[in-house]
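S.K.: how would this look folded up:
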Amino acid sequence: MEILLVEDNPGDVRLTQEAFKEAKIQNQLYVVEDGVAAMEFLHQQGQYADVPRPHLILLDLNLPKKDGREVLREIKQNSALKRIPVVVLTTSGDKKDILISYDLHANCYITKPVELDQFIQIAKSIDNFWLTTVSLPGE
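M.R.: You can find the predicted model right below:
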C-alpha cells in the first residue's frame, strides 16, 4: 500500500521516514512538499502522471502554495479521491484546527510529537490501525 506524506518541513519528513523505518513499516512512502504538488500527485498530473494513487494520506495543515485545510477540502469534495483516508499530522494542537479538520472530513487528527521515540509510537499506531486492521477502499 502506498502512503502520501504532504509535508513541507524537511526535518519532519526525515523524522517521519526514520519513524517508519524504526517501526518496520515497509509501505512505499511518497513525499510532496506543498498543497499544489499534493493535488497534482493525487490527480496524477505533470511529473506525477505515473504514480499510483495512495491508499492513505498523511497531511500537514500549514503548507506553502495551498494550505492543508484547502487540500483536505478538495480531496473530500472530489468523488475520485474522497474515500482515501486522510490523517492530519500536524504540529498544531489548536482546538480550532482540530474542529475545522473534522468538519472537512479528516479521518483522524494527530499532533506531531518532537521526539523520535514518540513519533515511532505514532508510526506504529498508524501501521497497526490504518495499514493492518482496517480495510481501505483502494485495496
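S.K.: beta-bridge partners for Leu59, please?
M.R.: Beta-bridge pairing for Leu59 (DSSP bridges): Val6, Val88.
S.K.: surely it and Leu89 touch.
M.R.: Yes: Leu59 lies in contact with Leu89 (C-beta atoms under 8 Å); the separation is 6.6 Å. Placement of C-beta: from N, CA and C, glycine included.
S.K.: and the residue nearest the centre of the chain, how close does it get to Cys108?
M.R.: Centroid-nearest residue in the chain, with C-alpha atoms, centre = their mean: Leu58, separated by 0.9 Å. According to C-beta to C-beta, to the nearest Å, Leu58 and Cys108 sit 10 Å apart.
S.K.: okay, and the common contacts of these two?
M.R.: Val87 (C-beta atoms under 8 Å, 6 or more residues apart in numbering).
S.K.: next SSE downstream of the helix or strand hosting Tyr30?
M.R.: Tyr30 is part of strand 28-32 when elements are defined by DSSP states H and E. The helix or strand immediately downstream of strand 28-32 is helix 35-42, counting by DSSP H and E.
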